[in-house]
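Engineer: need a structure here:
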Amino acid sequence: MILGILKEPQDESRVAFLPEAVKTLLSWKVSVWVEKDAGSKAFASDELYQSIGAEIHNRNEVISQSDLLIGIQPISEVEISSMKPRAVLMGQLNALYNPELTKYLIENNRTAFSMELVPRTTRAQAMDVLSSMATVTGYKAVLMAADLLPRFFPMFMTAAGSITPSRVLILGAGVAGLQAIATARRLGASVFAFDVRQAAKEEVLSLGAKFVDVEGAKEDKSAGGYAVEQNEEFLQRQKDTIHEHASKADVIITTAQIPGRKAPLLVEERTVKVMKPGSVIIDLAASSGGNCALSQPDKTVEINGVRIVGVGNLAAKMPQDASKMYGKNYLNFLKLIIKDGNINLNFEDDIVQGTCVCHDGKPVSSRIQI
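Structural biologist: Below is the predicted model of the structure:
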């Protein structure tokens, strides 16, 4: 069996597998073909892949000859059509946000796995690419904010007087939010955090932040740890509370997203207008609609001296460790579908079933609605 590793688009620095992960694949009696320069932006040369036994080929060869084709970003319909008839495609295909591609895969009898669909269960934790990349994103967002902020994060006692710590407000205490809290605390900031899930309160407090409480949130245990949509009465109380805290904040980092839906609006235009000049908003949900009313995907805008950064693929800013984590998630998942050097799809396994977009012309994951 040939496992192909693709080079990502121009704006993506990560690679699905670094050479250290390819070593493991080779030990599974799998031939590994790597697209030329696939790992170059993650500082993994073609020579390094070749030195451990992988083969370097051009893109057309990798796509047309692989039995299992793996990347991170989706590939085009034209490239999918050039794959082997029974080949398996795997990546972060954004199956819930990209219905056209999902429909194409189903109509063309392709077998595809989309890693953002990995169930949020204890057993699947080691395969959860969203959590891994959220860790990178939460960390990097704080460093970005610290770089843009025109003042220190920590408190300083100097001969020139005392400097008070910056006040950081984190909206959303999932994986990205908790990593942002931990990083901001390590940098010495005074940190406040909000989440609609009461279960997040204990984690926020354990990291040394203060929890911003808004009573009356609706929760759903079946949501896999994600927030769920709230009623209008709660949303207004939430916006008023955030407005009050935001007016005192030096930095706001927003991380709240709902799978398959537009990101909830948390920071209104009126809120931005009362923030202090020099303040910074990092919106990690900008690509799915934005938590801030004024954010724009992959752009920085300035309103009344407040800089609003609409973050896209922030994990690509740390390609080495992000690729390492991604590859480990992939390896843990591939253990479920590679047996004796061949693909063996067991749809009785809840993780395999839950992650599979389609097989034999039919949707497989219960989350795929076509």
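Engineer: For Thr254, give me its contacts.
Structural biologist: Residues counted as contacts of Thr254 (Cβ atoms under 8 Å, 6 or more residues apart in numbering) are 171-172, 266-267, 281-285, 290-292. In this view, the C-beta of every residue, glycine as well, is placed from N, C-alpha and C.
Engineer: now, among these, which is nearest to Ala54?
Structural biologist: Leu284 (34.0 Å; Cβ to Cβ).
Engineer: per-residue confidence for the closest one?
Structural biologist: Looking at Leu284, its pLDDT is 96.
Engineer: Residue numbering should commence at 18 henceforth.
Structural biologist: Taking 18 as the first residue, the last one we looked at is Leu301.
Engineer: Could you measure from the residue nearest to Gln142 when sequence neighbours are not counted over to Met132?
Structural biologist: Excluding the flanking residues, the one nearest Gln142 by Cβ to Cβ, 6 or more residues apart in numbering is Ser148, at 7.3 Å. Ser148 is 11 Å from Met132, where distance means Cβ to Cβ, to the nearest Å.
Engineer: Show the contacting residues for Phe311.
Structural biologist: Quick fix: residue 311 reads Leu, not Phe. Applying Cβ under 8 Å, 6+ apart, the residues contacting Leu311 are 286, 289, 318, 320, 325.
Engineer: Strands - which of those residues land there?
Structural biologist: Here DSSP state E is the test, and these give 318, 320, 325 as lying in strands.
Engineer: Name whatever forms a beta bridge with the closest residue to the first one other than its chain neighbours.
Structural biologist: Once its chain neighbours are removed from consideration, Val318 has its nearest residue in Ile325; the separation is 5.1 Å (Cβ to Cβ, 6+ apart). Each beta-bridge partner of Ile325 is listed here: Ile298, Val318, as defined by DSSP bridges.
Engineer: I'd say Ile325 and Lys290 touch.
Structural biologist: No. Assessed by Cβ atoms under 8 Å, Ile325 is found out of contact with Lys290, at 11.9 Å.
Engineer: picking that back up, please spell out the ChimeraX selection for the buried subset of the contacts of Leu311.
Structural biologist: Only the buried entries of these go into this ChimeraX selection, using 16 or more other Cβ atoms under 10 Å:
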select :289,325
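Engineer: Report the two of the contacts of Leu311 separated the most.
Structural biologist: Glu286 and Val318 (11.9 Å).
Engineer: Look up phi and psi at Ser340.
Structural biologist: Dihedral pair for Ser340: phi -70, psi -40, per degrees, to the nearest 10.
Engineer: Export stretch 121-130 to CSV, keeping only CA atoms.
Structural biologist: Output in CSV follows, covering the C-alpha atoms of stretch 121-130 (Å, rounded to 0.1, in the frame of the first residue of the first chain):
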residue,chain,number,x,y,z
TYR,A,121,-18.9,15.9,-4.8
LEU,A,122,-17.1,13.2,-2.7
ILE,A,123,-20.4,11.4,-2.2
GLU,A,124,-21.6,11.6,-5.8
ASN,A,125,-18.3,10.3,-7.1
ASN,A,126,-18.2,7.3,-4.8
ARG,A,127,-15.1,8.4,-2.9
THR,A,128,-14.1,7.4,0.6
ALA,A,129,-13.0,10.3,2.7
PHE,A,130,-12.2,11.1,6.3
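Engineer: Give me the contact list for it.
Structural biologist: Stretch 121-130 has contacts (Cβ under 8 Å, 6+ apart) with 94, 97-98, 100, 102-108, 110, 112, 350, 362, 372-380, 387.
Engineer: So which residues of the stretch 268-387 of the chain form helices?
Structural biologist: All helices of the stretch 268-387 of the chain, identified by DSSP state H, counting those that start in this stretch, fall at 286-291, 336-351, 367-372.
Engineer: Out of the ones in strands among the contacts of Leu311, which comes closest to Leu165?
Structural biologist: Nearest to Leu165 among those, with distances taken as Cβ to Cβ, is Ile325, at 10.4 Å.
Engineer: quick one, what contacts the closest one?
Structural biologist: Taking Cβ under 8 Å, 6+ apart, we find Ile325 in contact with 289, 298, 300, 309, 311-313, 317-319.
Engineer: do you know how far it is from Ile187?
Structural biologist: With Cβ to Cβ as the criterion, Ile325 and Ile187 are 16 Å apart.
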